[in-house]
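Q: please work out how this folds:
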Amino acid sequence: MRFHKLVLVSAALIAQPALAQRLSDTFSLQVSAYFPNVDSSVRVDGSGGNLGTVIDFERDLGYDRNRVLPAFMAEWRPNDDWVLNAEYYAIGRRNQTFIDRELVVGDTVFPVGAELNSGFDSDIIRFTVGNRFYQTKNFEIGAAIGLHGTDFSVFIEGEGSVNGQAAQFRSEGRSVFAPLPTVGLFLAWEPAPKVSVAGRFDWLSLSIGDYSGRLLNTEASVAFRVQKHIDLGVMYRRVDYQVKVRRDDWEGKVRYNFHGPALFVQLGF
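A: Model (predicted):
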């Protein structure tokens, strides 16, 4: 799966509308530090249709809500109409804690007071193809279609029981790669020669095969060109993502919500 993601990212970097993009730039690269407040939850259902507990990783498992996430973006404008964009960011967390309520994960019941080790990893790859349907020398607005691919991996382990048997060490882990399409709008404005303002909105509510998902991605940014090819900027971003999984190896759902500011540097040519 890691190799699969690297192939996807490499293909996308050759080719996605992005924030703080100078309208005169053909190609740009952006690196940002994202400072979001994180809210994540997972449900892993057991065999026979038994529902698992909706586990809030921050409340139930003691995860820190504040993280610093690096993010990488590349954008290519091959002509006056089209914009191709790719982005990658990831979050990986581990924690050990005593739980204060019973948690059902898959076929395992972890009792109140159990000490659990857990992990939550999420790699996000986003591609969009945009068309600028209105543009002037210093303003543009357009529509985009894209693909939001998320690779989830979670595990919870500790002393638990199955079917009322004596407690023993149990490990429950699941992983899934969920590629979901999006539609959206974007705009960019240069109110002054060295200042750029941009925003975008991506949305999805759709069922595809083994997955049904909802996604909302909103961004707004302001950037200042400090050198001929270099911009420094600030961004605010909110991502609200939920996917339900119905597969032989995992039935359940995953949800995460990121919202907060980011600082970035961007090279444009």
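Q: which ones are touching the spatially most central residue of the chain?
A: In the chain, the residue lying closest to the centroid (C-alpha atoms, centre = their mean) is Ile124, at 4.4 Å. Residues counted as contacts of Ile124 (C-beta atoms under 8 Å, 6 or more residues apart in numbering) are Glu87, Tyr88, Tyr89, Ala90, His148, Gly149, Thr150, Asp151, Val239. Where C-beta positions appear, they are placed from N, C-alpha and C, glycine not excepted.
Q: burial of the spatially closest residue to Leu263 that is not a sequence neighbour, as a residue count?
A: Excluding its sequence neighbours, the residue lying closest to Leu263 (C-beta to C-beta, 6 or more residues apart in numbering) is Ala33, at 5.3 Å. Using other C-beta atoms under 10 Å, Ala33 has 13 other residues around it.
Q: now the element after the strand or helix carrying Ala33, going C-ward?
A: Take DSSP states H and E as the rule and Ala33 turns out to sit in strand 27-34. Going down the chain from strand 27-34, the next helix or strand is strand 37-44, by DSSP H and E.
Q: and the gap between the residue nearest to Leu263 and Gly158?
A: The gap separating Ala33 from Gly158 is 34 Å, by C-beta to C-beta, to the nearest Å.
Q: repeat that for Val83.
A: 48 Å.
Q: ok, Leu180 next?
A: Counting by C-beta to C-beta - Leu180 and Gly158 are separated by 32 Å.
Q: which helix or which strand is home to the residue nearest to the centre of the chain?
A: Short version, using DSSP H and E: Ile124 is in strand 115-135.
Q: partner strands of that strand and their direction?
A: Strand 115-135 sits in its sheet next to strand 82-98 (antiparallel), strand 139-160 (antiparallel), going by DSSP bridges.
Q: how close does the residue nearest to the centre of the chain sit to Gly260?
A: Counting by C-beta to C-beta, the gap from Ile124 to Gly260 is 15 Å.
Q: in contact with the residue nearest to Leu263, which residues?
A: So Ala33 contacts Val68, Leu69, Pro70, Ala71, Ala262, Leu263, Phe264 (C-beta under 8 Å, 6+ apart).
Q: go again with 10 Å.
A: Counting by C-beta atoms under 10 Å, 6 or more residues apart in numbering, Ala33 touches Val68, Leu69, Pro70, Ala71, Pro261, Ala262, Leu263, Phe264, Val265.
Q: out of the residues you listed, which is nearest to Phe57?
A: For these, the residue nearest Phe57 by C-beta to C-beta is Leu69; the value is 15.4 Å.
Q: returning to what we had before: among the contacts of Ala33, name the buried ones.
A: Buried members of the contacts of Ala33, counted by 16 or more other C-beta atoms under 10 Å: Leu69, Ala71, Ala262, Phe264, Val265.
Q: redo these as CSV? Include secondary structure.
A: Below are the buried ones among the contacts of Ala33 laid out as CSV (DSSP: H, G, I helix; E, B strand; the rest coil):
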residue, secondary structure
Leu69, strand
Ala71, strand
Ala262, strand
Phe264, strand
Val265, strand
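Q: wait, which of the residues you listed is closest to Arg94?
A: Leu69 (15.6 Å).
Q: so what sits opposite the residue nearest to the closest one when sequence neighbours are not counted in the bridge?
A: Nearest residue to Leu69, sequence neighbours excluded (C-beta to C-beta, 6+ apart): Tyr34, at 4.3 Å. On the basis of DSSP bridges, Tyr34 is bridged to Leu69, Ala262.
Q: where does the chain have low pLDDT?
A: By pLDDT under 70, the low-scoring segments of the chain are 1-22.
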